[in-house]
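**Student:** Quick check, what structure comes out for this input:
(chains A and B)
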There are 2 protein chains.
Amino acid sequence: MRTTDEHALAALSLAPDPVPVELDLRHALGHVTAAAIRAHADSPPFDNSAMDGFAVRWADVRSATADAPVALALMGESRAGVPFAETLVPGRAIRIMTGAPMPAGADTVVPLEVTSADERAVTIREVRSEGAHVRRRAEDARIGDEVIGSGVELSARHLAAAAAVGAARVAVFRSPRVGILSTGDELAPLGATPAPGQIYESNSVLLDGAVRRAGGIPVLLGPVGDRVDDVVAAIRRDDVDLIVTTGGVSVGAYDVIKAALAGRGAEFMTVAMQPGKPQGLGSVDGMPLLCLPGNPVSVAVSFELFVLPVMRAMRGLPQPLAWSVTTAGAAWSSPAGREQFMPVRWEAGSVAPATGLGAGSHLMARLALADGLARVPADVTDVRVGDSLEFRRFSG
Amino acid sequence: MRTTDEHALAALSLAPDPVPVELDLRHALGHVTAAAIRAHADSPPFDNSAMDGFAVRWADVRSATADAPVALALMGESRAGVPFAETLVPGRAIRIMTGAPMPAGADTVVPLEVTSADERAVTIREVRSEGAHVRRRAEDARIGDEVIGSGVELSARHLAAAAAVGAARVAVFRSPRVGILSTGDELAPLGATPAPGQIYESNSVLLDGAVRRAGGIPVLLGPVGDRVDDVVAAIRRDDVDLIVTTGGVSVGAYDVIKAALAGRGAEFMTVAMQPGKPQGLGSVDGMPLLCLPGNPVSVAVSFELFVLPVMRAMRGLPQPLAWSVTTAGAAWSSPAGREQFMPVRWEAGSVAPATGLGAGSHLMARLALADGLARVPADVTDVRVGDSLEFRRFSG
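**Tutor:** Okay, the predicted model is just below:
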């Protein structure tokens, strides 16, 4: 048996290189930058007022106080978007709005609150300093400056920053398109009435949501029954970058994924973990495939450990994902010789199994109560209250 | 001036009640449940095998050891999705696959690994206990059980749990549709070349992304210039639940939002905060409106403090959002009498201004470097290194 880390590395080696694309800003949310975003223009693009008030020359107003106010005749106004076209004449003032360009000749803004004005003149009762309330051209960013680095996952604020410096299109890595194929004659699709011996299909629902939450685009390729030809037909796609299958990878007589793909580029093996021991992976006709076991909890665990890192690599994000350290708040047992990934609830700094019934890999409803996975080392068979454990929250 | 908390409460009082809708599971990711999700069927729906192996009667195999193995003739097989139709006869065994229904008469599964078998018989070298490796009907969830509570934000695992118990449609609260209207003659739309005195429009880019990240559906209603009629026309919509405007709420002569909406149901006021002092809100012809100032950093701060809580209420999520406590890693100044919301970087447990130039509300490019907001109380004018401060990460 290989270790979990060995299998995660093998999976990662299948990840296609991230594909850079250029997107409009409004479509780039959540994507990772493939190159730094630089300012296409100065921000602000011109000196402008930080306040509603009056643009003046400091030399004219420097002596103004409440006791000895300074009065200046008005010669016009500068509005946001509608600049004042002339030059400020010494001894006069120009009404100015927040964000409006500083008129030529003016160097200081006096806020409305410390003035009285009518149509023709303004009386100034208080001043701060030369250049007060003026936002300088390029003080936020100068043309050519790097505003957002390469490898950054774009938030709403990043997009707005790019917009502010005129970067209408950005180079990012394409979202991975992930084909999802669940297999098994026992699967009744969502909304159908199961025949005797059938169960509701939930793995594609899990993967669909988890792929979305991880920044990918899910493409449902199934479910398909236990027929080799159906599997082979389902994975022959050119509109996905990666295919994740569930079920049919074990030692049973009807393990259809193994039957369809072993010898065509996929390998099947056991991994020293619980749940999720039977796994497969490989590249079939150039398509990277991760073949997960069929039990729902195994699928959830395998997604976190194997699929998510591959998707991160395809998105241009770094590895590895971090585990934090937590404390066991309950006792439970773990198999000898295998790492255990126990779905746990996290509460007040300690964790306890969410399932109440151990790591039972079929307990999907119970999994809804879990916050993440506790990782029990392979040589530990009894987790005791107070033991230190690695913990990671579920990604999706 | 009202306090930030007072204004946040006034905003929250405008939030329309959350609207319950029924959605297909695959469309419910990220929605909040409007009612508990209950099991429509037992999970598992029938006793089934946890292993590939042989279904037997415990009475027939209990003595089996490596030294004294027990041999049983085979009478058929039970596959996942293809149950064995007859009853197990005493003294015989049935080949069984993981997930396949337990045949009538069988009570225990012996895993493949501790057996040898040919077409006609199996030899069993080891047994565990009566009932071993059998998953019991309903041990995960019983029909009618609450699987996911009301008020839960649905993750991929929640959806899979709902699928596993046959809940193909779920009652959730509708995503809020948020109209976004940025205003100002100075705004050049993304991709255009700004005229003299114009700047690139970034507020609608910020709000578009922030609304998406907060679980809402953004609807762009602008930008519009400083014309009252254009504002009035733009907000006359029946396809949004809430409108957020930016700009035009201050004391200037051309504050178009104020000119258009004061007296029609919206109020305009100053809030004791920096940035973001001028604000407006109200209900115009039944449409709730939050009118933010126009400076980009003010918009980012106002979104976190006023828009996000309203959206959470509309989504059925609880209030308030939590602030954590952190330490100032740098010194900076804050205005007297106003709470300051400083965009900061968070590193190793302390925070420092991201902008380097104070809370300048126009420093959008610098805002991209911030991780969240530090909240400086109104009576603090000098933040010193080591001071305790409240901190919250940006939501989007």
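**Student:** Find the closest residue to chain B in the stretch 201-350 of chain A.
**Tutor:** Closest residue of the stretch 201-350 of chain A to chain B, C-beta to the nearest C-beta: A:G209 (2.9 Å). Every C-beta, even on glycine, is put in place using the N, C-alpha and C of the backbone.
**Student:** Identify the residue nearest that residue in space, chain neighbours excluded?
**Tutor:** B:A156 (2.9 Å; C-beta to C-beta, 6 or more residues apart in numbering or on different chains).
**Student:** returning to what we had before: please identify which helix or strand holds the residue of the stretch 201-350 of chain A closest to chain B.
**Tutor:** Using DSSP states H and E, A:G209 sits in helix A:203-213.
**Student:** and that helix, what does it pack onto?
**Tutor:** Helices and strands touching helix A:203-213, by 3 or more C-beta pairs under 8 Å, 6 or more residues apart in numbering or on different chains; DSSP states H and E, are strand A:177-182, strand A:217-220, strand A:242-246, helix A:296-302, helix B:156-164.
**Student:** Distance from that helix to the middle of the chain?
**Tutor:** 16 Å (C-alpha atoms, centre = their mean, to the nearest Å).
**Student:** sorry, back to before: dump the helices and strands packed on helix A:203-213 into TSV; add mean pLDDT, distance to A:R375 and mean neighbour count as well.
**Tutor:** Output for the helices and strands packed on helix A:203-213, formatted as TSV (pLDDT from 0 to 100; distance: least, C-beta to C-beta, whole Å; neighbours: other C-beta atoms under 10 Å in any protein chain shown):
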stretch	mean pLDDT	distance to A:R375	mean neighbour count
strand A:177-182	98	25	24
strand A:217-220	98	27	17
strand A:242-246	98	22	28
helix A:296-302	95	10	28
helix B:156-164	96	18	28
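**Student:** And those: which comes nearest A:P90?
**Tutor:** Closest approach to A:P90 among the helices and strands packed on helix A:203-213 (C-beta to C-beta): strand A:217-220, 63.3 Å.
**Student:** as a whole number, average confidence for whatever helix or strand comes next after the closest one?
**Tutor:** On the C-terminal side of strand A:217-220, the closest following helix or strand by DSSP H and E is helix A:228-234. Averaged over helix A:228-234, pLDDT sits at 97.
**Student:** likewise stretch A:65-78?
**Tutor:** Averaging pLDDT residue by residue across stretch A:65-78 gives 97.
**Student:** Buried residues in it, which are they?
**Tutor:** A:69-70, A:72, A:74-75, A:77-78 (16 or more other C-beta atoms under 10 Å in any protein chain shown).
**Student:** how about low-confidence regions in the stretch 201-350 of chain A?
**Tutor:** Low-confidence segments of the stretch 201-350 of chain A (pLDDT under 70): A:252-253.
**Student:** how about the residues of it near chain B?
**Tutor:** A:201-203, A:205-210, A:212-213, A:225-226, A:250-254, A:294-296, A:300 (C-beta under 8 Å from any C-beta of the partner chain).
**Student:** From those residues, list the buried ones, please.
**Tutor:** For those, buried by 16+ other C-beta under 10 Å: A:201-203, A:205-210, A:212-213, A:226, A:250-252, A:254, A:294-296, A:300.
**Student:** show me where chain A has helices.
**Tutor:** A:4-12, A:58-61, A:156-164, A:203-213, A:228-234, A:256-261, A:296-302, A:308-315, A:364-367 (DSSP state H).
**Student:** now these in a markdown table, with distance to A:V240?
**Tutor:** Below are the helices of chain A laid out as a markdown table (distance: least, C-beta to C-beta, whole Å):
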| stretch | distance to A:V240 |
| --- | --- |
| helix A:4-12 | 16 |
| helix A:58-61 | 65 |
| helix A:156-164 | 27 |
| helix A:203-213 | 11 |
| helix A:228-234 | 11 |
| helix A:256-261 | 16 |
| helix A:296-302 | 18 |
| helix A:308-315 | 11 |
| helix A:364-367 | 25 |
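**Student:** Identify whichever of those lies nearest to B:V232.
**Tutor:** helix A:156-164 (26.2 Å).
**Student:** tilt between the closest one and helix B:203-213?
**Tutor:** Angle between the axes of helix A:156-164 and helix B:203-213 is 160 degrees (criterion: axes from the mean of the first three to the mean of the last three C-alpha atoms, to 10 degrees).
**Student:** same for helix A:156-164, what does it pack against?
**Tutor:** So helix A:156-164, by 3+ C-beta pairs under 8 Å, 6+ apart, packs with strand A:37-38, strand A:146-148, strand B:199-200, helix B:203-213, helix B:296-302, helix B:364-367.
**Student:** Tabulate those (a markdown table), appending distance to B:R38.
**Tutor:** Listed next are those as a markdown table, based on distance: least, C-beta to C-beta, whole Å:
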| stretch | distance to B:R38 |
| --- | --- |
| strand A:37-38 | 48 |
| strand A:146-148 | 46 |
| strand B:199-200 | 51 |
| helix B:203-213 | 31 |
| helix B:296-302 | 40 |
| helix B:364-367 | 45 |
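**Student:** Of the ones you listed, which is nearest A:P196?
**Tutor:** helix B:203-213 (44.4 Å).
**Student:** Pull the number of nearby residues for the residue lying closest to A:C291 once chain neighbours are set aside.
**Tutor:** Once flanking residues are discounted, A:C291 sits nearest to A:G280: 3.3 Å by C-beta to C-beta, 6+ apart. For A:G280, the count of nearby residues is 22 (other C-beta atoms under 10 Å in any protein chain shown).
**Student:** Which of the helices of chain A sits closest to B:H133?
**Tutor:** helix A:296-302 (15.8 Å).
**Student:** Which residues does the closest one contact?
**Tutor:** A:202-203, A:206-207, A:210, A:246, A:273, A:275-276, A:279, A:290, A:292-293, A:341, A:343, A:359-364, A:367, A:373, A:394, B:157, B:160, B:164 (C-beta atoms under 8 Å, 6 or more residues apart in numbering or on different chains).
**Student:** closest to A:A132 out of the helices and strands packed on helix A:203-213?
**Tutor:** The nearest among these, by C-beta to C-beta, is strand A:217-220 at 51.5 Å.
**Student:** follow-up on the earlier one: now do the helix holding A:G209 and strand A:177-182, the angle between them.
**Tutor:** Using the same axes, to 10 degrees, helix A:203-213 lies at 160 degrees relative to strand A:177-182.
**Student:** ok and helix A:203-213 relative to helix A:308-315, angle-wise?
**Tutor:** 40 degrees.
**Student:** mind listing what the closest residue to A:S175 other than its chain neighbours touches?
**Tutor:** Residue nearest to A:S175 in three dimensions, not counting chain neighbours: A:I217, with 5.1 Å by C-beta to C-beta, 6+ apart. With contacts defined as C-beta under 8 Å, 6+ apart, the neighbours of A:I217 are A:175-178, A:211.
**Student:** Who does A:I217 form a beta bridge with?
**Tutor:** Legend: beta-bridge partners of A:I217 under DSSP bridges are A:R177.
**Student:** neighbours around A:A322, how many?
**Tutor:** 6.
**Student:** nope, A:S388 is what I was after
**Tutor:** 9.
**Student:** Verify the stated contact: it with A:W323.
**Tutor:** No: if you go by C-beta atoms under 8 Å, A:S388 and A:W323 don't touch, sitting 11.5 Å apart.
**Student:** hang on, the earlier thing: tell me the contacts of the residue nearest to A:C291?
**Tutor:** A:245, A:249, A:257-258, A:261-262, A:266-269, A:289-291.
**Student:** Could you point out which of the helices of chain A sits nearest B:L317?
**Tutor:** It is, among the helices of chain A and with distance given as C-beta to C-beta, helix A:203-213, at 17.4 Å.
**Student:** Contacts for that closest one, please.
**Tutor:** Residues from elsewhere that reach helix A:203-213 (C-beta under 8 Å, 6+ apart): A:178, A:180-182, A:190, A:217-218, A:220, A:222-223, A:244, A:246-247, A:294, A:296, A:299-300, A:303, A:307-308, A:311, A:395-396, B:25-26, B:29, B:155-157, B:159-160, B:162-163.
**Student:** Okay, buried residues for stretch A:383-393 please.
**Tutor:** A:383, A:387, A:389-392.
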